[in-house]
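Q: next comes the sequence, and after it the predicted model I'd like to discuss.
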Amino acid sequence: MRTKTQLIHGGVSSDPLTGAVSVPIYQVSTYQQEGVGKHKGYEYSRTANPTRAALEALVRDLEHGHRGFAFASGMAAITSVMMLFNQGDHVLVTDDVYGGTFRVMTQVLNRLGISSTFVDTSRVDAIEAAIQPNTKALYLETPTNPLLKVTDIRQVAAVAKAHHLTLIVDNTFLSPYWQNPLDLGADIVVHSATKYLGGHSDVVAGIAVVNSEALADRLHYIQNATGSILGPQDAWLLMRGIKTLGVRMEEHERNARRIVDFLGQHPSVCKVYYPGLPDHPGHHVARTQARGFGGMISFDVGEADKVDAVLNKTRYFTLAESLGAVESLISVPARMTHASIPKARRDELGISDGLIRISVGLEDVEDLLEDLDQALSSH
């Protein structure tokens, strides 16, 4: 089954009881049992729900994994995955990781005795130099948020295997339509499903898919114990969004390529970050491990006041948190998604005050180009 077909027919694509082609929303908390312990696979919706189970089967298939899990948010998925580790364990994390991930690692999980070190995971030598005796996992974003750095998942998987580490990959930016980290050697893949998987700015959700029964049993235990589940209404919305993931991702990328070409020639733009550019540091690796480059672009206009001038003028790029939706979004990482990272650390990473991140939507690309042109030319 090819990917576009799998988006529609993967997992549980219809209701076996009624034949409904859309899995129903099972808005239910508990289930009748024929006797103590005798039920039809469902006893309490924190443990399992038919609508959530259909979504979990779908994302399992899309990521070519053993089992999928749906959480209340991307951060709930990431936090639950990190609960696989114990007090005294150490995790290596991509250096310019999403600000929420940085925050939970440095302000929450560290208080529970799980320590972390942030390294440039695009450099295997940097990873190997940072491994400690108590290191248990590697956590990658690729491409990263917001600088779109690319890590070679196959290379890092080999390092993880040699050191008996669990490899976790955040695949939010590319989605399973463009990239499948489990096929490249990862053990766990996570998504903020709020983004491309949902695609319509109407649901907050997280996904994790694992590659083994042992990890599945442990993660399900954690999800059930902590209750960080996705509700049936949101699970249904997410399945509906996933059906159009293929056509959306292709159009996001087509629009992004046009905008990247425009930004690269504009005098107000100092630098453009996009893995599809031949001179992007991770371009070759991106071509070998992904089928597309996605719809995320970052570019630097030099100064914060110039950023504000652009934000004040855009009409079709909505100033908002998040990404991956049908509408184009614009944000300032230093003051929004990565504001929780100390300024000195942002400067070290290259997340400057002049950096703008755009999530290219599905509007007519000519309107988007005209919008950016008038906004960039206004200062």
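A: Received, thanks. Numbers count the residues shown, from 1 in each chain.

Q: hey, where'd the helices end up in this structure?
A: 3-9, 50-62, 74-82, 99-103, 124-130, 153-162, 175-178, 213-226, 232-242, 245-265, 283-289, 304-313, 343-349, 365-376 (DSSP state H).

Q: just how off-centre is the fourth one within its chain?
A: Its chain's C-alpha centre lies 13 Å from the corresponding centre of helix 99-103 when counted by C-alpha atoms, centre = their mean, to the nearest Å.

Q: please work out which residues outside it touch it.
A: 74-75, 78, 93, 118, 139, 141, 170, 333, 337-341 (C-beta atoms under 8 Å, 6 or more residues apart in numbering). The C-beta positions use only the backbone N, C-alpha and C, and glycine is treated the same way.

Q: of the helices of the chain, which stretch is the most buried?
A: helix 175-178 (a mean of 26; mean count of other C-beta atoms under 10 Å).

Q: the longest strand belonging to the chain pairs with which strands, and in what direction?
A: Longest strand of the chain, by residue count under DSSP state E: strand 135-141. Strand 135-141 sits in its sheet next to strand 90-94 (parallel), strand 166-170 (parallel), going by DSSP bridges.

Q: between helix 74-82 and it, find me the angle.
A: 160 degrees (axes from the mean of the first three to the mean of the last three C-alpha atoms, to 10 degrees).

Q: tell me what angle strand 135-141 forms with helix 153-162.
A: Using the same axes, to 10 degrees: strand 135-141 against helix 153-162 is 170 degrees.

Q: identify all contacting residues around strand 135-141.
A: Residues contacting strand 135-141 (C-beta under 8 Å, 6+ apart): 84-85, 89-94, 96-98, 101, 121, 127, 151, 153, 156, 159-160, 163, 165-170, 172-173, 186.

Q: how distant is the helix or strand of the chain with the lowest mean pLDDT from the center of its chain?
A: Least confident helix or strand, the chain: helix 343-349 with a mean of 86, by mean pLDDT, DSSP states H and E. Here helix 343-349 is found 22 Å from its chain centre; the criterion is C-alpha atoms, centre = their mean.

Q: show me what it is packed up against.
A: If you count contacts as 3 or more C-beta pairs under 8 Å, 6 or more residues apart in numbering; DSSP states H and E, helix 343-349 packs onto no helix or strand.

Q: residues contacting the residue nearest the centre of the chain?
A: In the chain, the C-alpha nearest the mean C-alpha coordinate belongs to T172, at 1.8 Å (C-alpha atoms, centre = their mean). Contact partners of T172, counting by C-beta under 8 Å, 6+ apart, are G74, E141, N145, V190, H191, S192, K195, Y196, G324.

Q: spatially nearest residue to the third one (excluding sequence neighbours)?
A: What sits nearest to N145 in space, not counting adjacent residues and going by C-beta to C-beta, 6 or more residues apart in numbering, is Y98, at 4.6 Å.

Q: what's the neighbour count on the one you found?
A: Y98 has 25 neighbouring residues, counting by other C-beta atoms under 10 Å.

Q: could the contacts of T172 go into JSON lines alongside distance to K243?
A: Compiled in JSON lines, the contacts of T172 are given as follows (distance: C-beta to C-beta, whole Å):
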{"residue": "G74", "distance to K243": "20"}
{"residue": "E141", "distance to K243": "26"}
{"residue": "N145", "distance to K243": "26"}
{"residue": "V190", "distance to K243": "21"}
{"residue": "H191", "distance to K243": "16"}
{"residue": "S192", "distance to K243": "19"}
{"residue": "K195", "distance to K243": "16"}
{"residue": "Y196", "distance to K243": "13"}
{"residue": "G324", "distance to K243": "15"}
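
Q: return the subset of those lying in strands.
A: E141, V190, H191, S192.

Q: of those residues, which is the most crowded?
A: The residue in the ones in strands among the contacts of T172 with the most neighbours, by other C-beta under 10 Å, is H191 (32 neighbours).

Q: how close does that one get to V159?
A: 23 Å (C-beta to C-beta, to the nearest Å).

Q: swap in T117?
A: T117 sits 15 Å away from V159, going by C-beta to C-beta.

Q: pLDDT weak spots in this protein?
A: Across the chain, the ranges flagged by pLDDT under 70 are 379.

Q: okay, now the domains of it?
A: According to automatic domain parsing, the chain comprises the domains 3-242, 246-376.

Q: bridge partners for the residue nearest to G264 when sequence neighbours are not counted, pull those for me.
A: Among residues not flanking G264 along the chain, V272 sits closest, at 5.2 Å (C-beta to C-beta, 6+ apart). Counting by DSSP bridges, V272 is bridged to F299.

Q: V272: how many residues sit nearby?
A: Count around V272 with other C-beta under 10 Å applied: 21.

Q: could you do the one 10 residues further on as well?
A: Applying the criterion other C-beta under 10 Å, we find 19 residues in the vicinity of G282.

Q: how close does the closest residue to it other than its chain neighbours sit to L174?
A: Once flanking residues are discounted, G282 sits nearest to V150: 2.5 Å by C-beta to C-beta, 6+ apart. Here the criterion is C-beta to C-beta. By it, V150 lies 10 Å from L174.

Q: same check on I131?
A: I131 is 26 Å from L174, by C-beta to C-beta.

Q: more neighbours: these two, which one.
A: L174 (27 against 18).

Q: I'd say L362 and E250 touch.
A: No. With contact defined as C-beta atoms under 8 Å, L362 does not reach E250; the gap is 10.3 Å.
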